[in-house]
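>>> this one's sequence-less:
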């Protein structure tokens, strides 16, 4: 069938190495942010690598920090994003506002004249879905769309958890208060109908997801008529995420080599999906056994730490060097998300030589196969705590039950490098043209 053909294309070696014809390609990526957080870091990686390989690459993004990099354009203003967020939450329609900003984006597309538009996360209060897709469909522009979550084929949710209404049309949403929140009205069926009409028009689209789990879900959705393929996320394993000297890092940040160190990272702990409560309970259970370092802690949640003596909360950092040092010196990285696609943080940790413990949701178990970590039943606190205990024990004894250090890093280096990811995307760009 259609998808099988595409998987075959991806698995084939590219004829003639890097493909000289690619030099004439123009690629424009669209995302909510640039180089901030998981998906946005992937966007930046692709952009920089394409440019380094002599391909004309552009990025248009809606919100977040301003970037001074070449060919990177921010088309929304902060007030527009705030107004859109307010209207989305109040009215319950997400992706229906930001008309002026989206017109600026369309003007940018007109100026750049890309051969392929590569879309990422379109939700985030920065875009008008109808205007963008009307333009793309009318001009028949070839599109690659990377799903970093489930939002594109669900009425409104980023993740649908155990709900299956998205397969038939949403409505009476059980997750209305999850991001992107609707305070009062349930327009999920209406949004699903419109998304189906706008998003699944035109023939020249390829859907990419980072995990086999999400690829299988996308094929069940109204995107099933398009080729849906898996390309694992790549990270910078050469210059950024590689194992540092554990002893030196621990000395630098004030820990001894004997300390059992558990690391958790989150963008704040406001979102229940991120599972902060499981980390805190685990910290309590391991009070006399381990120290728990939490990067990206939100100070307004300090009351949650009352009575916990072994938790070290640190503010969020965009300093990847510092992150890599923390990943390297930790014994175990924990990922207690209740819904997840293919976690970039898990890749970063393993690339620095540290195994991962997480819940068996989405693509997580795919990431932790072959002794790279432990995935336990979702929401099972006792199993989660016990897995962390076992992982700490294994790493300290170096008993081989879990891979660690250079041996673990080498696997990620082979399977999840930016180079490998870009090679696969370039095959798809070429096929679309």
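Yep, it's here. Values in this document were obtained by computation on a predicted structure and should not be read as measured data. Numbers count the residues shown, from 1 in each chain.
>>> switch to C-alpha atoms for all contacts and neighbour counts from now on
Fine.
>>> what ranges of this structure fall below the confidence cut-off?
Residues of the chain that meet the criterion pLDDT under 70 lie in 1-21, 267-272, 300.
>>> Strands of that one, residue ranges please.
Remark: strands assigned in the chain by DSSP state E are 26-31, 56-61, 72-74, 116-119, 143-146, 205-209, 228-230, 261-265, 291-295, 311-314, 332-335, 356-359, 373-376.
>>> Just put these in CSV and tack on distance to residue 278.
Converted to CSV, those look like this (distance: least, C-alpha to C-alpha, whole Å):
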stretch, distance to residue 278
strand 26-31, 31
strand 56-61, 34
strand 72-74, 37
strand 116-119, 33
strand 143-146, 30
strand 205-209, 27
strand 228-230, 30
strand 261-265, 11
strand 291-295, 12
strand 311-314, 13
strand 332-335, 10
strand 356-359, 10
strand 373-376, 12
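>>> give the contact list for residue 186.
For residue 186, the contacting residues are 92, 171, 172, 173, 176, by C-alpha atoms under 8 Å, 6 or more residues apart in numbering.
>>> Run the angle between the longest helix anywhere in the chain and strand 261-265 for me.
Assignment by DSSP state H gives helix 381-397 as the longest helix of the chain. Inter-element angle recorded for helix 381-397 and strand 261-265: 130 degrees (by axes from the mean of the first three to the mean of the last three C-alpha atoms, to 10 degrees).
>>> gap between helix 381-397 and the chain center?
Distance of helix 381-397 from its chain centroid, counting by C-alpha atoms, centre = their mean, to the nearest Å, is 26 Å.
>>> and it, what does it pack onto?
helix 276-285, strand 332-335, strand 356-359, strand 373-376 (3 or more C-alpha pairs under 8 Å, 6 or more residues apart in numbering; DSSP states H and E).
>>> How many residues are close by the nearest residue to residue 56 once chain neighbours are set aside?
Nearest in space to residue 56, with sequence neighbours left out and distances taken as C-alpha to C-alpha, 6 or more residues apart in numbering, is residue 26 at 4.9 Å. By the measure other C-alpha atoms under 10 Å, the count of residues near residue 26 is 18.
>>> Return the residues in contact with residue 26.
55, 56, 57, 58, 113, 114, 115, 116.
>>> before we move on, what about residue 25?
So residue 25 contacts 55, 56, 114, 115, 116 (C-alpha under 8 Å, 6+ apart).
>>> So which of those wins on neighbours?
residue 116 (22 neighbours).
>>> how near is that residue to residue 103?
From residue 116 across to residue 103, the span is 19 Å (C-alpha to C-alpha, to the nearest Å).
>>> got it, and residue 133?
12 Å.
>>> Same question for residue 337.
With distances taken as C-alpha to C-alpha, residue 337 is found 36 Å from residue 103.
>>> Which one's more surrounded, the two?
residue 337 (24 against 17).
>>> Contacts only, for that one.
Taking C-alpha under 8 Å, 6+ apart, one finds 273, 274, 275, 358, 359, 361 in contact with residue 337.
>>> now the residues you listed in CSV, with neighbour count and distance to residue 325?
Putting the contacts of residue 337 into CSV (neighbours: other C-alpha atoms under 10 Å; distance: C-alpha to C-alpha, whole Å) gives the following:
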residue, neighbour count, distance to residue 325
273, 16, 26
274, 20, 23
275, 19, 24
358, 25, 21
359, 25, 24
361, 22, 27
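>>> in the stretch 151-300 of the chain, which spans are helices?
Counting by DSSP state H, counting those that start in this stretch, the segments of the stretch 151-300 of the chain that form helices are 188-199, 212-220, 246-253, 276-285.
>>> neighbour-wise, which of the contacts of residue 186 leads?
residue 92 (23 neighbours).
>>> Could you check how far it is from residue 166?
Where residue 166 is concerned, residue 92 sits at a distance of 17 Å (C-alpha to C-alpha).
>>> Same check on residue 113?
Distance from residue 113 to residue 166, counting by C-alpha to C-alpha: 34 Å.
>>> Comparing these two, which shows the higher neighbour count?
residue 166 (22 against 14).
>>> show me what contacts the more buried one?
Neighbouring residues of residue 166 by C-alpha under 8 Å, 6+ apart: 153, 154, 155, 192, 221.
>>> what do you get if the cut-off is 7 Å, keeping everything else the same?
By C-alpha atoms under 7 Å, 6 or more residues apart in numbering, the residues touching residue 166 are 154, 155.
>>> before we move on, what about the one 3 residues further on?
Shown in contact with residue 169 (C-alpha under 7 Å, 6+ apart): 189, 192, 193.
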